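Engineer: structure of the sequence below:
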Amino acid sequence: MTNSETPPTAVHPLPRRLLAEALGSALLVAIVVGSGIAAQRLSPDDVGLQLLQNSTATVLGLAVLILVLGPVSGAHFNPVVTIADWWLGRGDADGFSARHIAPYVAAQVAGAIGGALLANAMFEAPQGFSGNERASGSHLLAEVVATAGLVLVIFALVRTGRVALAAPAVGAYIGAAYWFTSSTSFANPAVSVGRVFSDTFAGIAPSSVGAFTLAQLAGGIVGIALYPARPIPQPHQGDLHV
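Structural biologist: Numbering: from 1, shown residues only. I've put the predicted structure just below:
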């Protein structure tokens, strides 16, 4: 089947979409955690280089996952994106259904946990909970900012008919947010839960996850609130001024 013959996301059966969400979330967390372990081992004395290696792998891996799995499930991999997709399209008969939110979120969380365990196994890292406390005030503010920006990027592209740019744009945004936010931009409750299960460079302590999740949900609300209710009209050629 060629790309032009691929059916739209809405026609795929729910189990197939849930499998895509679980697989995508698992691979995303495996990329984040695995590259974090590799970076820590390759550059043990340079945290900045570790972050560069970790963020580069995440940018590339996330873009590929969106390209491959987007046509199946929409490539949410993120409960905040799932909720925002429903909320922003709730007046559209073909929009994301509210009854699919819980199954999507369950698939994302289960996949994220599996991805962390897989990364640990690939690098022979001890299986266990992270001890990396992250829930400071500055980190939580950073998560609000990172998640709000992610929602704006995704749905601005959808609203303006530039979905084809979602993979590179989302990857680029997350890569940038690794560096301009103090939290390194988790921006995803499922990924936050998954990273609890790896006591490595990319991990987060269980005690920090609740606050991170609330900050990410708050960021999603901010992103939705900032999002224009209607498409911004594009000027005609004669309306352009310099």
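
Engineer: sec struct for the residue nearest to Ala63 when sequence neighbours are not counted, please.
Structural biologist: The shortest distance from Ala63 to any non-neighbouring residue, by Cβ to Cβ, 6 or more residues apart in numbering, is to Gly171 (3.6 Å). (C-beta placed from N, C-alpha, C; glycine too.) Taking DSSP: H, G, I helix; E, B strand; the rest coil as the rule, one finds Gly171 in the helix state.

Engineer: check contacts around Gly171.
Structural biologist: Gly171 makes contact with Thr58, Val59, Leu60, Leu62, Ala63, Ile66, according to Cβ atoms under 8 Å, 6 or more residues apart in numbering.

Engineer: cool, and Val193?
Structural biologist: Val193 is in contact with Val109, Ala112, Ile113, Val209, Thr213, counting by Cβ under 8 Å, 6+ apart.

Engineer: kindly recompute the last result at 6 Å.
Structural biologist: By Cβ atoms under 6 Å, 6 or more residues apart in numbering, the contact list for Val193 reads Val109, Ala112.

Engineer: that one looks like it's in a helix, true?
Structural biologist: Yes. With three-state DSSP as the criterion, Val193 is part of a helix.

Engineer: need the nearest residue in space to Leu226, chain neighbours excluded.
Structural biologist: Going by Cβ to Cβ, 6+ apart, Leu226 has Leu152 as its nearest residue, at 6.2 Å.

Engineer: shaky segments in this protein?
Structural biologist: Residue ranges of the chain with pLDDT under 70: 1-10, 228-242.

Engineer: helices along that one, start to end?
Structural biologist: Applying DSSP state H to the chain gives helices spanning 14-42, 47-73, 79-88, 101-122, 137-159, 166-180, 189-195, 206-226.

Engineer: now the ones you listed in a markdown table, with distance to Asp94?
Structural biologist: Below are the helices of the chain laid out as a markdown table (distance: least, Cβ to Cβ, whole Å):
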| stretch | distance to Asp94 |
| --- | --- |
| helix 14-42 | 15 |
| helix 47-73 | 15 |
| helix 79-88 | 12 |
| helix 101-122 | 16 |
| helix 137-159 | 13 |
| helix 166-180 | 18 |
| helix 189-195 | 25 |
| helix 206-226 | 19 |
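
Engineer: check contacts around Thr82.
Structural biologist: Thr82 touches His76, Ile101, Tyr104, counting by Cβ under 6 Å, 6+ apart.

Engineer: any idea which of the residues you listed is the one closest to Tyr178?
Structural biologist: Using Cβ to Cβ, His76 comes nearest to Tyr178 of these, at 20.1 Å.

Engineer: not counting its neighbours along the chain, what's nearest the closest one?
Structural biologist: Nearest to His76 is Thr82, by Cβ to Cβ, 6+ apart, at 4.7 Å.

Engineer: for Asn188, see how far away that neighbour is.
Structural biologist: Relative to Asn188, Thr82 is positioned 11 Å away (Cβ to Cβ, to the nearest Å).

Engineer: now Pro15: how far from Phe155?
Structural biologist: Distance from Pro15 to Phe155, by Cβ to Cβ: 26 Å.

Engineer: hang on, I meant Arg134
Structural biologist: 27 Å.

Engineer: what does the residue nearest to Asn132 when sequence neighbours are not counted show for phi and psi?
Structural biologist: Once flanking residues are discounted, Asn132 sits nearest to Gly203: 4.7 Å by Cβ to Cβ, 6+ apart. Main-chain torsions, Gly203, degrees, to the nearest 10: phi -80, psi 170.

Engineer: one more: Ala135?
Structural biologist: The phi and psi torsions at Ala135 (degrees, to the nearest 10) take the values phi -80, psi 60.

Engineer: Val196 too?
Structural biologist: The phi/psi pair for Val196 (degrees, to the nearest 10) is phi -60, psi -30.
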